[in-house]
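Student: what follows is a predicted protein model with its sequence.
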Amino acid sequence: MPRMPIAVLAISVAILLFVATTQGQAPPAAPRPAPTVRDLAPLDLTGYWVSVVTEDWRYRMVMPLKGDFGSVPLNAAGRKGAESWKAEQAGGCEAFGVGSGMRAPGRLHISWENDSTLRIDTEAGAQTRRLYLGAPPAAGAPSWQGLSVATWDGPPDVIDVLRTGGFDQLNRGTGQAARRLAWTPLKVVTTNFRPGWLRANGVPYSDRATITEHFMRYAVPDSGEWLTIRTVVDDPLYLVQPFMVSTNFKKEADGASKWAPKACRE
Amino acid sequence: MSSRPALVAALLLLAPLPALAQVDLTGTWSPRYQEDFSERVPGPELGDYTGLPLTDGARRYAESWDPARITMPEEQCRVHISPYIYRGPTNIAIFDERDPATRELIAIKHRISTFDQERTIYMDGRPHPPAYAPHTWMGFSTGVWQGNMLVVITTHIKKGWLRRNGVPESDLATLTEYFVRTGDVLTRISAITDPVYLTEPLVKSEEFVLNTQGVPHRAWLYKCKPVVEVVRPEGAVPHYLPGKNPYLLEYRKRYRFTESVTRGGATQTYPAGSAPPPTGAPMKPGGPALAAPKPGEVKVLRVQGQVYMLASADGNMVVQAGDEGVLLVDTLPAALAPAVLDAIRTISDKPIHYIVNTQAGEAHTGGNEALAKVGPTRPDRVPLGSGLGGNTGGATSIVAHENVLNRMSATVGSGPEGKTARPRGSWPSDTFFEDENDFFFNTEAVQVLHQPDALDDGDSVVFFRRSDVIAAGDIFSTVGYPVFDAKQGGSINGVIAALNRVLRLAVATGNMEGGTMIVPGHGRLSDKMDVVEYRNMVTIVRDRIQALVAEGKTLEQVRAAQPTLDYDARYAAPSGPGSTDAFVAAVDASLRASK
């Protein structure tokens, strides 16, 4: 972006000073409500999104064979856990927990539950997630989806340039300049979840893992809107290094008519 | 709102934001392979096409692919194309190229350790090259920031892999990438549109982690020199005939899949019942519209050395220009002669001393008469031609194999109405009957090499030895099947022999890109690897039809077997001599005649 010439800047500031001063003399205008987190969201993630499985097809679209945990950086305990899985456990809700639920083939329905909470319903496993951009509720008992706290994730240097408190203000719903940060991904950190499986054949993650996701939206030429969710599971109990995958979804205008959730087995 | 916060907000909005919403991507990035690991690191298993929205033609190509192909010297140093190279084991160093005077960003560069590639993503708003410009492994990339996301569009990519077990990506594909950095993790999302081998965009994503520990300098090198690993007859291309690949079953058996699972296709990438109706037909072309010559236009593209390509909607010709004057290879149709001359004059104002014809047809010789008349204008010059043909009055020598003269001077019709096939003034003045005719012009050797029984009996290719450029004529095209005429001495085996001769002449750089450049009769400027792809296609189609003929199949049965299924979306004309039907019939007839 080119720098604004000094003269133009000075004139603009003078005008704004005048406007700001005269505003004090005008009759008081009706107070406008402060923009909400929802109003200021740099990305619109809402809608129906269908997974398009072009990666890890053998692990995601069909039931992987028992003991097939290739490319998951398991330690000995993790391998032992994966090998102890039994076929009769297939379909359990462990496969649809927050560590891997986004990988299960199916649709997501993302909507605003309120002005600061995004809700994700899934077809696969018929799960519901809540991403809290405002103050999260008190943690209750651990659940499959845990407690997800979301923030718009931008690099520190951009925040410095804005000199506004940038994302802090944005996430509190008071920022203005931060609206410029379009296509900034949504970062989601989830805690307080039940242990689950990274793959449907029982490759485990523990409740001690750190699970961090980034939601990224973009347009593909001649194919409409797409959403990619990067999931990083860092599990000191079962993994030797973070397990990192990204999952791709295509927006569906008629997703509501196709919506067919299938519950998992508790 | 009080005045003070309003002022602060206003100032903030006015603050200059030179790098606003642009993330610093520079640094060295190392990949994570926890997704598609078996494909990306050890390599995909044969017959695994799962998760790919393939056309029927792509599947045929992949099922015919023999891994022994990569033992061919031409294939050993093949580079993974830009859509695929990030999926392999590679480190990437990202750095900026800035204008030294203004520090404005010109380009973002990617140094890719696999195959020693350096990719340039132009950020200065320049357009993509025209459609007739050469393709490279990395292609031509332009980028724009969308907030914190770098969006890159790449065209002019060579033919390569969608998956390196033989699943092809065509040279008409367009790549759109989205680079997102958060903290020390970089995600690259790619969407490939391919109007030849995909039915819908192929979207994938990979992760890279910032590497602050450095990568050993040797890891950035990838020196490749082809050697003969397996002795084969010249031009032999390893492949399986349709339905004869025994290794496709291994993957199915290992994972207990049915054939319909491993064959891929868009339907299986969606949850059950969610896919659009399958068509198997290629998708629409994507990416920016690339400039191409309109009918009547002639465009100039410098090749290298003293050689230029002149591109038109009717085909290509070549100009060599130096201190001595101008040499033309072919002259395009007569109607284009004024535009051709205008184009030549943007290169050189020196006289036209030589015209070399690679074929007798109007598309190659139509401008002979008009351009020969321009000829040398200096009064002290004497005609170089011997005057054997009709160009006795000019000083421009028109060189061609004698069979070109025979075709052009043949009598058409009979009696008083009879006339010659082409006007006398366009006939070659200097013919040869040997295998080649060489001369020296503009300080370089020019070799005119006759290709017997190729498209007909008079074809030549022209090799500029110092400039290192070959004018291949219609023996090589990037846009169509070879159109050969058995009645005039052409044959499919002659076409293949001619292509192999071009490959013997051409030398590519270490990574099979550039080096000797080849101007096709139609299509874009090419290098050796492009001719390899074309030679492979013609050879494989020949082998398939030959096998069917040997089995006693009729022409209709040969057609029903679809021996060109994997190439039709790339090369078939909708009708006429370049159509699938005509090409299959010509190959069939040629092989039956040679039995």
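Tutor: Here it is on my side, so go on.
Student: and the helix or strand containing B:M317, how far out from the chain's middle?
Tutor: Here B:M317 sits within strand B:315-321, counting by DSSP states H and E. Averaging C-alpha positions (Cα atoms, centre = their mean, to the nearest Å) puts strand B:315-321 18 Å from its chain's average.
Student: other SSEs contacting that strand?
Tutor: With contacts defined as 3 or more Cβ pairs under 8 Å, 6 or more residues apart in numbering or on different chains; DSSP states H and E, the packing partners of strand B:315-321 are strand B:307-312, strand B:326-329, helix B:337-345, helix B:362-365, strand B:469-477, strand B:517-522. For the C-beta atoms, the positions are set from N, CA and C on the backbone; glycine is no exception.
Student: closest one to chain A among these?
Tutor: Across the helices and strands packed on strand B:315-321, chain A has its closest neighbour in strand B:307-312 (26.2 Å, Cβ to the nearest Cβ).
Student: quick revisit: of the helices and strands packed on strand B:315-321, which is nearest B:A272?
Tutor: strand B:469-477 (43.6 Å; Cβ to Cβ).
Student: tell me the angle of that closest one relative to strand B:307-312?
Tutor: With axes from the mean of the first three to the mean of the last three Cα atoms, to 10 degrees applied, the angle from strand B:469-477 to strand B:307-312 works out at 30 degrees.
Student: quick check: buried residues in the next helix or strand after strand B:469-477?
Tutor: Downstream of strand B:469-477, the first helix or strand assigned by DSSP H and E is helix B:492-505. For helix B:492-505, the buried set under the neighbour-count rule, 16 or more other Cβ atoms under 10 Å in any protein chain shown, comprises B:492-503, B:505.
Student: what segments of the stretch 101-250 of chain A are strands?
Tutor: Assigned by DSSP state E, counting those that start in this stretch, the strands in the stretch 101-250 of chain A fall at A:107-114, A:117-122, A:124-125, A:128-132, A:147-152, A:186-191, A:196-199, A:203-205, A:210-220, A:224-234, A:243-252.
Student: ok, now the stretch 351-500 of chain B?
Tutor: B:352-356, B:397-401, B:411-412, B:419-420, B:430-432, B:436-441, B:444-450, B:460-464, B:469-477.
Student: adding mean pLDDT, distance to chain A and mean neighbour count as columns, could you present these in JSON lines?
Tutor: JSON lines is the format used below for the strands of the stretch 351-500 of chain B (pLDDT from 0 to 100; distance: least, Cβ to the nearest Cβ, whole Å; neighbours: other Cβ atoms under 10 Å in any protein chain shown):
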{"stretch": "strand B:352-356", "mean pLDDT": "96", "distance to chain A": "43", "mean neighbour count": "26"}
{"stretch": "strand B:397-401", "mean pLDDT": "95", "distance to chain A": "46", "mean neighbour count": "28"}
{"stretch": "strand B:411-412", "mean pLDDT": "83", "distance to chain A": "49", "mean neighbour count": "10"}
{"stretch": "strand B:419-420", "mean pLDDT": "83", "distance to chain A": "52", "mean neighbour count": "14"}
{"stretch": "strand B:430-432", "mean pLDDT": "95", "distance to chain A": "52", "mean neighbour count": "21"}
{"stretch": "strand B:436-441", "mean pLDDT": "96", "distance to chain A": "47", "mean neighbour count": "15"}
{"stretch": "strand B:444-450", "mean pLDDT": "98", "distance to chain A": "44", "mean neighbour count": "19"}
{"stretch": "strand B:460-464", "mean pLDDT": "98", "distance to chain A": "39", "mean neighbour count": "27"}
{"stretch": "strand B:469-477", "mean pLDDT": "98", "distance to chain A": "28", "mean neighbour count": "28"}
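Student: can you redo those as JSON lines with distance to B:R218?
Tutor: Formatted as JSON lines, the strands of the stretch 351-500 of chain B follow (distance: least, Cβ to Cβ, whole Å):
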{"stretch": "strand B:352-356", "distance to B:R218": "47"}
{"stretch": "strand B:397-401", "distance to B:R218": "51"}
{"stretch": "strand B:411-412", "distance to B:R218": "67"}
{"stretch": "strand B:419-420", "distance to B:R218": "66"}
{"stretch": "strand B:430-432", "distance to B:R218": "52"}
{"stretch": "strand B:436-441", "distance to B:R218": "44"}
{"stretch": "strand B:444-450", "distance to B:R218": "39"}
{"stretch": "strand B:460-464", "distance to B:R218": "38"}
{"stretch": "strand B:469-477", "distance to B:R218": "35"}
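Student: low-confidence stretches in the stretch 151-266 of chain A?
Tutor: Within the stretch 151-266 of chain A, the segments meeting pLDDT under 70 span A:154-183.
Student: same thing but at 50, please
Tutor: Applying pLDDT under 50 to the stretch 151-266 of chain A flags the ranges A:157-180.
Student: the stretch 351-500 of chain B now?
Tutor: Within the stretch 351-500 of chain B, the ranges that satisfy pLDDT under 50 run B:378-393.
Student: ok, which residues in it are in contact with chain A?
Tutor: With Cβ under 8 Å from any Cβ of the partner chain as the criterion, the stretch 351-500 of chain B does not come near chain A at any residue.
Student: residue in the stretch 351-500 of chain B nearest to chain A?
Tutor: For the stretch 351-500 of chain B, Cβ to the nearest Cβ, closest residue to chain A: B:V479, 22.5 Å.
Student: just give the number of residues close to that residue.
Tutor: Neighbour count for B:V479, taken as other Cβ atoms under 10 Å in any protein chain shown: 16.
Student: quick one: the nearest residue to it once chain neighbours are set aside and B:I347, what's the gap?
Tutor: Closest residue to B:V479 apart from its sequence neighbours, by Cβ to Cβ, 6 or more residues apart in numbering or on different chains: B:G523 at 4.1 Å. Applying Cβ to Cβ, to the nearest Å, the value for B:G523 to B:I347 is 21 Å.
Student: looking at these two, which one has more neighbours?
Tutor: The residue with more neighbours, out of B:G523 and B:I347, is B:G523; 21 against 17, by other Cβ under 10 Å.
Student: now do the contacts for the spatially most central residue of chain B.
Tutor: For chain B, the residue nearest the mean C-alpha position is B:D530 (4.8 Å; Cα atoms, centre = their mean). By Cβ atoms under 8 Å, 6 or more residues apart in numbering or on different chains, B:D530 lies in contact with B:H135, B:K158, B:K159, B:D171, B:T478, B:I518.
Student: element containing it, please.
Tutor: Counting by DSSP H and E, the element that carries B:D530 is helix B:528-550.
Student: just want the angle from that helix to strand B:469-477.
Tutor: Using the same axes, to 10 degrees: helix B:528-550 against strand B:469-477 is 30 degrees.
Student: may I have helix B:528-550 exported as PDB, CA atoms only?
Tutor: Extracted in PDB, the C-alpha atoms of helix B:528-550 (Å, rounded to 0.1, in the frame of the first residue of the first chain):
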ATOM      1  CA  LYS B 528      13.300 -31.500 -25.500                       C
ATOM      2  CA  MET B 529      11.000 -32.700 -22.800                       C
ATOM      3  CA  ASP B 530       8.000 -31.500 -24.700                       C
ATOM      4  CA  VAL B 531       9.000 -33.500 -27.700                       C
ATOM      5  CA  VAL B 532       9.600 -36.500 -25.400                       C
ATOM      6  CA  GLU B 533       6.000 -36.300 -24.300                       C
ATOM      7  CA  TYR B 534       4.800 -36.000 -27.800                       C
ATOM      8  CA  ARG B 535       7.000 -38.900 -29.100                       C
ATOM      9  CA  ASN B 536       5.800 -41.000 -26.200                       C
ATOM     10  CA  MET B 537       2.100 -40.300 -27.100                       C
ATOM     11  CA  VAL B 538       2.600 -41.200 -30.800                       C
ATOM     12  CA  THR B 539       4.600 -44.200 -29.900                       C
ATOM     13  CA  ILE B 540       2.100 -45.500 -27.300                       C
ATOM     14  CA  VAL B 541      -0.900 -45.000 -29.700                       C
ATOM     15  CA  ARG B 542       1.100 -46.800 -32.400                       C
ATOM     16  CA  ASP B 543       1.900 -49.700 -30.200                       C
ATOM     17  CA  ARG B 544      -1.800 -50.100 -29.000                       C
ATOM     18  CA  ILE B 545      -3.100 -50.000 -32.600                       C
ATOM     19  CA  GLN B 546      -0.400 -52.300 -33.700                       C
ATOM     20  CA  ALA B 547      -1.400 -54.900 -31.000                       C
ATOM     21  CA  LEU B 548      -5.000 -54.600 -32.000                       C
ATOM     22  CA  VAL B 549      -4.200 -55.100 -35.700                       C
ATOM     23  CA  ALA B 550      -2.100 -58.100 -34.800                       C
END
